[in-house]
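K.L.:
predicted coordinates and the sequence they were generated for:
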Amino acid sequence: MSSHLVDECAAPPKNCFRLVVLGTARVGKTAIVSRFLFNQYDDQYTPTIEDFHRKMYRIRGEVYRLDILDTSGVHPFPAMRRLSFLTGDLFILVYSVDNYESYMEVMRLREQILESKASCKTRTAAPPMIIAGNKADRPESEREVLYDEVAKWVSTVKKCAFLETSAKKNGNINELFQTLFELAKLPPEMSPSLHRRVSIGDQAWEAAKKGISFYPRGKQDDNPLGVVSPHARRPSLRSDLIEAEAKAEQEQRRAEKPSIPKISSALSPYRSQYRSCTWMSLLRQAFQGLVRPAGGQVCRLQVQHRCYNAPAAGHVQVDMNSDTGVATVRLNRPPVNSLNLDVLTELSIALEKLETDRSCRAMVLASAVPGIFSAGLDIMEMYKSTPERCVAFWRALQDAWLNLYGSRLITMAAIEGHSPAGGCLLAMSCDYRVMADGKFQIGLNETRLGIVAPFWFTDVMLCTIGHRETEKALQLGAMYSAQQALSIGLVDKVVPADQVMSTVQTELKSWLQIPDAARVITKTSMRKQVLDRLSSQKEKDAQFFADFILRESVQKSLGAYIASLQKRKS
Ligand SMILES: CCCCCCC/C=C/C(=O)SCCNC(=O)CCNC(=O)[C@H](O)C(C)(C)COP(=O)(O)OP(=O)(O)OC[C@H]1O[C@@H](n2cnc3c(N)ncnc32)[C@H](O)[C@@H]1OP(=O)(O)O
């Protein structure tokens, strides 16, 4: 029996759920999932990057689908983590009773999930969550987290439950899922003890499938059944979008209250809002080959070695040349490649993927939009926004920058157009810059907008052109022509526009001759201080940004700047 048939038994969107399991490394996330799915426990520890599982159920004549995302405990993939927050319907947050820091991380994770959800206009309610204090079998002498402390905290938060568990001894695992499903108002039969585990090809499952798909009143087995899909992989982008859309419609419908006579027409304005919402774009990004099937029940993250080209809608196009080990990453958000939350998230994911691709040694950052490298941050993300959205946006920028500036790859910017502010930051964060001669300008022009370049923008510029030039450049919000930029060291080479790419390729050849290990250690040691400065205060920096940008006076300046851009155009 071919395993894909499990998916032929499709669940309606309203019965599809994504469960995300989060927590620091070594707390037992994978062990909990493994107990739940297979009633197995493996004593060996293998760090997880991201595993994907699918379980299908037949319960009281209906088909349900539970997708489980078992996430990484370390955080080299912040964009993937944020996407897991956004796409999750219910969450298990795991800590280990012998590790207080892991409990602190659970508290932080809860906040981050809520903030991520709040930044999506269509999804604001707190999702159901359960806190699992795992390794409860450990001797009391090793315990660092007291049961009462967690219970007290959980009693103060909404839609959240708490249990201590032992994946090793199978303690409370069934109860953990049962409580979560109850909280999420999912059928209790989804818990391991309340359904019969069957496998693909099992007659009961096959009969149930037929009964549901074709002959609902046929001879089907009425006992709840659950089957783990052996070759589970993340759904295709298209099916996920369709499903997400159906779900969002459902949510809207609930919010709209049934008293509205024509629900479909009442929904239409929300549909268009929904279609353009960030959540949808993030979903789109989430499934652009982020995780590929690797066979078996577990889908370890694997990196495509040839081509990461995003679908047409993607704002970041990635071409990987496996022969040379050089990837070209093109920003593609016409008209001016302004960097909004979506672009930044996509960029982060692209960079994270390249970072983990062993065949990739270098990356060229370029634009797919003629005449522009990037117009910098999308001003509309900063104008009349909400604090939650501002924080989410800023985090996405921080992550994209940390990925780029801290990359092990040789990074080169092919600047074939204007590159103000955030565009200049991206270019400066690369190892080498080639700019097109002519009318294009580059620089950190923040003061002209009435805003202040953050300390890490300043740090990067200081490292690039030195103190004196940075002081002048930043105070004046100076924009430089390519030749001026060359003279102060802001770019490394200026060539006619049609030779930018070939010049980058030529330059790359000499960089590629240097052994990677020595080059990477050198680069890392040179950049560490600047990277650490932001890494150590990301949250403070994000909060500061939100507070600053939403000040009335700053909003006024931004409003005037936007008007001046529009006026200049007309
Ligand atoms: C404590 C923390 C403090 C906060 C720190 C914040 C740090 C901020 C960093 C930034 O990156 S702020 C953004 C700064 N960017 C700019 O000032 C660039 C402004 N744009 C331009 O100068 C020009 O557009 C251009 C890039 C030189 C391109 O000129 P071109 O003539 O080709 O296009 P336009 O007709 O001007 O623009 C087309 C279209 O795009 C809109 N637009 C331009 N830039 C942005 C942007 N950054 N964000 C959003 N939208 C942008 C422009 O208004 C036009 O829109 P429409 O009129 O067609 O609707």
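P.N.:
It's in. Numbers count the residues shown, from 1 in each chain.
K.L.:
all strands for the stretch 301-450 of the chain, in order.
P.N.:
For the stretch 301-450 of the chain, the strands defined by DSSP state E, counting those that start in this stretch occupy 316-321, 326-331, 362-367, 371-372, 410-415, 417-420, 432-436, 441-443.
K.L.:
an error on my part: the question was meant for the stretch 451-570 of the chain.
P.N.:
Under the criterion DSSP E, counting those that start in this stretch, the stretch 451-570 of the chain contains strands at 480-481, 493-495.
K.L.:
among those, which is nearest the ligand?
P.N.:
strand 480-481 (12.6 Å; Cβ to the nearest ligand atom). In short, each C-beta sits where N, CA and C put it, glycine included.
K.L.:
what's the average pLDDT for the closest one?
P.N.:
Averaging pLDDT along strand 480-481 gives 98.
K.L.:
in contact with whichever residue of the stretch 251-400 of the chain sits closest to the ligand, which residues?
P.N.:
Closest to the ligand within the stretch 251-400 of the chain is residue 376: 2.6 Å, counting by Cβ to the nearest ligand atom. Residue 376 is in contact with 338, 339, 420, 421, 422, 423, 424, 425, counting by Cβ atoms under 8 Å, 6 or more residues apart in numbering.
K.L.:
if you rank those residues by neighbours, which is first?
P.N.:
residue 424 (34 neighbours; other Cβ atoms under 10 Å).
K.L.:
go ahead and confirm that residue touches residue 442.
P.N.:
Yes. The criterion here is Cβ atoms under 8 Å, and residue 424 meets it with residue 442 at 5.2 Å.
K.L.:
overlap of the contact sets of those two?
P.N.:
Shared contacts of residue 424 and residue 442, defined by Cβ under 8 Å, 6+ apart, are found at residue 490.
K.L.:
which parts of the chain sit against the ligand?
P.N.:
By Cβ under 6 Å from any ligand atom, the residues of the chain that approach the ligand are 335-336, 338, 371-372, 375-380, 418, 420-422, 445-446, 449, 451-452, 454, 544-545, 548-549, 565-566, 569.
K.L.:
let's see which of these end up in helices.
P.N.:
Per DSSP state H, helices hold the following members of these: 379, 380, 422, 544, 545, 548, 549, 565, 566, 569.
K.L.:
type out the PyMOL command that picks the buried ones from those residues.
P.N.:
Here is the PyMOL selection string for the buried members of these, based on 16 or more other Cβ atoms under 10 Å:
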select buried, resi 379+422+545+549
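K.L.:
okay if I get the contacts of residue 376 as a markdown table plus pLDDT and distance to residue 189?
P.N.:
Formatted as a markdown table, those follow (pLDDT from 0 to 100; distance: Cβ to Cβ, whole Å):
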| residue | pLDDT | distance to residue 189 |
| --- | --- | --- |
| 338 | 98 | 49 |
| 339 | 97 | 46 |
| 420 | 98 | 58 |
| 421 | 98 | 55 |
| 422 | 98 | 51 |
| 423 | 98 | 54 |
| 424 | 98 | 57 |
| 425 | 98 | 53 |
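K.L.:
ok, residue 109 - contacts?
P.N.:
When contacts are counted by Cβ under 8 Å, 6+ apart, residue 109 touches 22, 23, 93.
K.L.:
now, among the residues you listed, which is nearest to the ligand?
P.N.:
The ligand lies nearest to residue 22 out of the contacts of residue 109, by Cβ to the nearest ligand atom, at 29.1 Å.
K.L.:
would you confirm that the closest one contacts residue 102?
P.N.:
No. Contact between residue 22 and residue 102 fails when scored by Cβ under 8 Å: they sit 11.0 Å apart.
K.L.:
now do the shared contacts for these two.
P.N.:
Common contacts of residue 22 and residue 102 (Cβ under 8 Å, 6+ apart): residue 94.
K.L.:
so in this structure, where's the weakest helix or strand by average pLDDT?
P.N.:
Sorting the helices and strands of the chain by mean pLDDT, DSSP states H and E puts helix 263-275 at the bottom, at a mean of 25.
K.L.:
and stretch 188-201, what's buried?
P.N.:
Going by neighbour count (16+ other Cβ under 10 Å), the buried part of stretch 188-201 is 188, 189, 190, 191, 192, 194, 195, 198, 200.
K.L.:
inside strands: which ones of the residues you listed?
P.N.:
Applying DSSP state E to these, the entries found in strands are residue 198.
K.L.:
turn the buried residues of stretch 188-201 into a markdown table, including pLDDT.
P.N.:
Below are those laid out as a markdown table (pLDDT from 0 to 100):
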| residue | pLDDT |
| --- | --- |
| 188 | 91 |
| 189 | 92 |
| 190 | 93 |
| 191 | 89 |
| 192 | 85 |
| 194 | 89 |
| 195 | 88 |
| 198 | 81 |
| 200 | 70 |
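K.L.:
between the buried residues of stretch 188-201, which is nearest residue 490?
P.N.:
Checking the buried residues of stretch 188-201 against residue 490 by Cβ to Cβ gives residue 190 as the nearest, at 57.9 Å.
K.L.:
isn't residue 134 right next to residue 169, touching?
P.N.:
No. Contact criterion Cβ under 8 Å: residue 134 and residue 169 do not qualify, at 10.8 Å.
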